[in-house]
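Novice: Starting from these lines, generate the structure:
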Amino acid sequence: MNGTQVEDLVYISLFFPGILVLSALPSVIFKVRIEEGKVIHLFLSKFIVSSYPISEFLTAKQGGVVALILYFKTGKISVFAIPIEEAKRLVSDLFTLSGKVWSEN
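Specialist: Reported below is the predicted structural model:
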């Protein structure tokens, strides 16, 4: 192996884990909870970024590859890096609690 190949291996071994950490970071920093009739968007699990009554929930859409956007009458919440199963559960719960009909298709 020459020097360039070793440098490439070092670069790759540091670059890809860094990308994985950065892509998971939003899901650690931001959370969405359903509590006391509200959908609460939290920063560091302590600070409220936004909060909307479940009664104002309109719909949810996929925004890009890894984002879920929750729409309310007075605003929206964008959730990044949410696992697919967790997103499905969140959307299903919101539709159920708001009395709307939801289909997974």
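Novice: For the nearest residue to residue 52 once chain neighbours are set aside, which residues are in contact?
Specialist: Excluding the flanking residues, the one nearest residue 52 by Cβ to Cβ, 6 or more residues apart in numbering is residue 72, at 4.1 Å. From N, CA and C alone the C-beta is placed, and that goes for glycine too. By Cβ atoms under 8 Å, 6 or more residues apart in numbering, the contact list for residue 72 reads 39, 52, 53, 56, 57, 58.
Novice: which one of those sits closest to residue 95?
Specialist: Nearest to residue 95 among the contacts of residue 72: residue 57, at 7.7 Å, using Cβ to Cβ.
Novice: next structured bit after the one helix or strand in the chain whose mean pLDDT sits lowest?
Specialist: Least confident helix or strand, the chain: helix 3-29 with a mean of 60, by mean pLDDT, DSSP states H and E. Later in the chain than helix 3-29, the nearest helix or strand by DSSP states H and E is strand 30-35.
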